[in-house]
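Engineer: Predicted structure and sequence below. I'll ask about it afterward.
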Amino acid sequence: MLVYAISLEKGGTGKSSVAVNLAVALQIRGRQVLLIDLDAQGHASHWLGVNPHQTRPEDSVLGMIRGRPLAESTIDTEWGVGIVPANPEMAGLPMALASAPNNGLFALRSAITQLARQGARYDTIICDLPPARSPILATALAAATRCVAPIQPESLVLQALSDLSQSVTYAQQVNPALPLVSILRNRYAPRSAVDLVYDEELRTAYGRQLLQTIIPVRAAIRESAGFQQSVFRYPGADAGEVRGLFRQLADELLILDGGN
Ligand SMILES: Nc1ncnc2c1ncn2[C@@H]1O[C@H](COP(=O)(O)OP(=O)(O)O)[C@@H](O)[C@H]1O
Ligand SMILES: [Mg+2]
């Protein structure tokens, strides 16, 4: 089972966009993908066609924390990707985790193990995370086989990346197989001299963790989200290029993870 945690403790860097489009790219590539929406805002759910306001709290990870099997919460989307949707009551998720055994640290890991044992078709799980360091991140990292951070080379983002690296180091105590964060340059458009300085800093500090696939600023990513879609059926002008990049990202990750 491959479990990707798409994470960064800062908003707007492209986590939900990457989670959704990577999920569809992996599905097209032949993987059986389940997206678990761990962000109460529910953007990934929306973009896969599920309105979080029309779900029940127990159908979200809130149910999972109370012991409900994930298999009972998955919804099949029109994209072929399954989803455990968000629900607005997930605003209380950090508290729900705090009152679970071990602060809910192993809640997701146990639920995924159970899902596999029950013979569910999924072989790839993508967790879309909220932009905060919280028990939710710890729970996801305890279950993850890889953490992918979408970033732009900017000061605050690099700080968030450093915080996330620290969180991964902590998580390795309970999940020793978790590799260092894989860094995806998204909305990438280094133009000014300052951009180039941060870009260089990124290469120096994280060179071997940088994924080769780079996703530039592309209208199709923003617009397809506006139409509550992945880019895989979006007809916009640069959508074809973006689909190619997400397919390349899926291939790159599968090669890293021996998932061919
Ligand atoms: N490569 C990109 N090009 C253009 N717009 C992007 C790109 N990546 C993300 N966006 C847009 O930026 C905004 C924030 O992205 P989102 O995926 O919601 O970030 P996060 O989940 O990290 O908060 C969204 O409107 C999204 O459509
Ligand atoms: Mg998001």
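Structural biologist: Everything's here; your move. Ligands and ions are numbered 1, 2, ... in the order given.

Engineer: Write out the residues of the stretch 101-250 of the chain neighbouring ligand 1.
Structural biologist: Pro131, Asn186, Arg187, Ile215, Val217, Arg218, Ile221, Arg222, Ala225 (Cβ under 6 Å from any ligand atom). Any C-beta I mention is one placed from the backbone N, CA and C, and that applies to glycine too.

Engineer: So the fifth one sits against Pro190, correct?
Structural biologist: The one in question is Val217. No. The pair Val217 and Pro190 fails to qualify as a contact (Cβ atoms under 8 Å) at a distance of 11.0 Å.

Engineer: Between these two, which has more neighbouring residues?
Structural biologist: Using other Cβ atoms under 10 Å as the criterion, Val217 and Pro190 rank with Pro190 on top: 16 against 12.

Engineer: how near is the more buried one to ligand 2?
Structural biologist: 23 Å (Cβ to the ion, to the nearest Å).

Engineer: In the stretch 51-200 of the chain, what residue lies closest to ligand 1?
Structural biologist: Using Cβ to the nearest ligand atom, the closest approach of the stretch 51-200 of the chain to ligand 1 is made by Arg187 at 4.2 Å.

Engineer: in a helix, that's where that residue is, yeah?
Structural biologist: No. According to DSSP: H, G, I helix; E, B strand; the rest coil, Arg187 belongs to no helix; its state is strand.

Engineer: Look at it and say how many residues are nearby.
Structural biologist: Arg187 has 17 nearby residues by other Cβ under 10 Å.

Engineer: Could you pull up the residues touching it?
Structural biologist: Thr13, Gly14, Gln152, Ile215, Pro216, Val217 (Cβ atoms under 8 Å, 6 or more residues apart in numbering).

Engineer: Just the buried residues from those, in PyMOL please.
Structural biologist: The following PyMOL line selects those of the contacts of Arg187 that are buried, judged by 16 or more other Cβ atoms under 10 Å:
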select buried, resi 13+14+152+215
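
Engineer: Quick check: Tyr198 is in a helix.
Structural biologist: Yes. According to three-state DSSP, Tyr198 belongs to a helix.

Engineer: ranges for the strands of the chain?
Structural biologist: 2-6, 33-37, 75-76, 82-84, 124-128, 146-151, 182-188, 210-216 (DSSP state E).

Engineer: quick one, which of the ones you listed is nearest to Tyr170?
Structural biologist: The closest of those to Tyr170 is strand 146-151. By Cβ to Cβ, the value is 11.9 Å.

Engineer: For the closest one, name the packing helices and strands.
Structural biologist: Contacts defined by 3 or more Cβ pairs under 8 Å, 6 or more residues apart in numbering; DSSP states H and E place strand 146-151 against strand 2-6, helix 15-28, helix 155-171, strand 182-188, helix 239-256.

Engineer: now those in JSON lines, with distance to Cys147?
Structural biologist: Converted to JSON lines, the helices and strands packed on strand 146-151 look like this (distance: least, Cβ to Cβ, whole Å):
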{"stretch": "strand 2-6", "distance to Cys147": "5"}
{"stretch": "helix 15-28", "distance to Cys147": "11"}
{"stretch": "helix 155-171", "distance to Cys147": "6"}
{"stretch": "strand 182-188", "distance to Cys147": "7"}
{"stretch": "helix 239-256", "distance to Cys147": "12"}
